[in-house]
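Engineer: No letters, just coordinates:
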DNA sequence: GCTTGATCCTGTAGTGACTACAGGATTTAT
DNA sequence: ATAAATCCTGTAGTCACTACAGGATCAAGC
């Protein structure tokens, strides 16, 4: 059993974030030492590492929690996991498309910029009625 | 001079958002009718439309405010505008790259999924020590 | 035994950019 | 006269943390 600082180091999840996950019920309340300090088992650290990986993959915290629950539930519902991941992938793809739209628009707006024209072409486009 | 609802319709900025911009000092306080209701001029609506376009291009509210200030300052500093836009474009490109990384990782993780294997391959990867 | 620094605790408030009420006043249309 | 729409102020909620404040405890070195 290790202290919260060591659990943070081993899992990659920050100390304050671990306490936040506990408050939010994302992870179970850990054991406590006689001095009231939190004590984490290897399984606790495993849960935190799992959550960290989900977050790094862009899953929302509630999706990460759902995946964790699926992972700990006896039946490893691969289909459920896959569906969740597919939905997330589609949202990632939509975000990429949206950002590419932004990039194209910005690129076009700034194209005629910095040519020393009297009125900045980007600003006039943004001002258009 | 028009009421806030009409200003919202004409600018595309929501009523609550307009009041929020006013509270935050993004736009000047508008005129008021005798009954204390806000009254917007064509210039006010123009400012809101300008901000809406900046936000739709992904600029932060403070960047949008900076662009608005540049737009209203006498000297249309095209170079400043361009620099701001370039910085924003780079952040957009970084976000695209990050999301593409996510997409690739998700795609790889789900590749072997839904094959009816005993243990879901995505979950086991997320659980790895 | 004492000091110093590291670590831990609880609880609260801040972030960005809105959004959603609550509870009330006034205006417009029927 | 009444009903529906619009407006007002003020506060709280969203997401996922992050940053304190203010204190307690612990470990290491002298």
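Structural biologist: Looks like it arrived, so ask away. Model, not experiment: these values are computed from the prediction.

Engineer: Tell me how far residue A:12 lies from residue A:99.
Structural biologist: 27 Å (CB to CB, to the nearest Å). Any C-beta I mention is one placed from the backbone N, CA and C, and that applies to glycine too.

Engineer: more crowded one of those two?
Structural biologist: residue A:99 (21 against 15; other CB atoms under 10 Å in any protein chain shown).

Engineer: for the more buried one, what are its contacts?
Structural biologist: Counting by CB atoms under 8 Å, 6 or more residues apart in numbering or on different chains, residue A:99 makes contact with B:58, B:92, B:95, B:96, B:99.

Engineer: Inside helices: which ones of those?
Structural biologist: Per DSSP state H, helices hold the following members of these: B:92, B:95, B:96, B:99.

Engineer: Now the last one. Nearest residue, chain neighbours left out?
Structural biologist: Meaning residue B:99. residue A:96 (4.8 Å; CB to CB, 6 or more residues apart in numbering or on different chains).

Engineer: got it, and the second one?
Structural biologist: The shortest distance from residue B:95 to any residue other than its chain neighbours is 5.6 Å, reached at residue A:99 (CB to CB, 6+ apart).

Engineer: what secondary structure does the most centrally placed residue in chain A sit in?
Structural biologist: Taking CA atoms, centre = their mean as the criterion, residue A:55 is the residue nearest the geometric centre of chain A, at 3.5 Å. The three-state label given to residue A:55 by DSSP: H, G, I helix; E, B strand; the rest coil is helix.

Engineer: cool, residue A:39 as well?
Structural biologist: Quick answer, by three-state DSSP: residue A:39 is strand.
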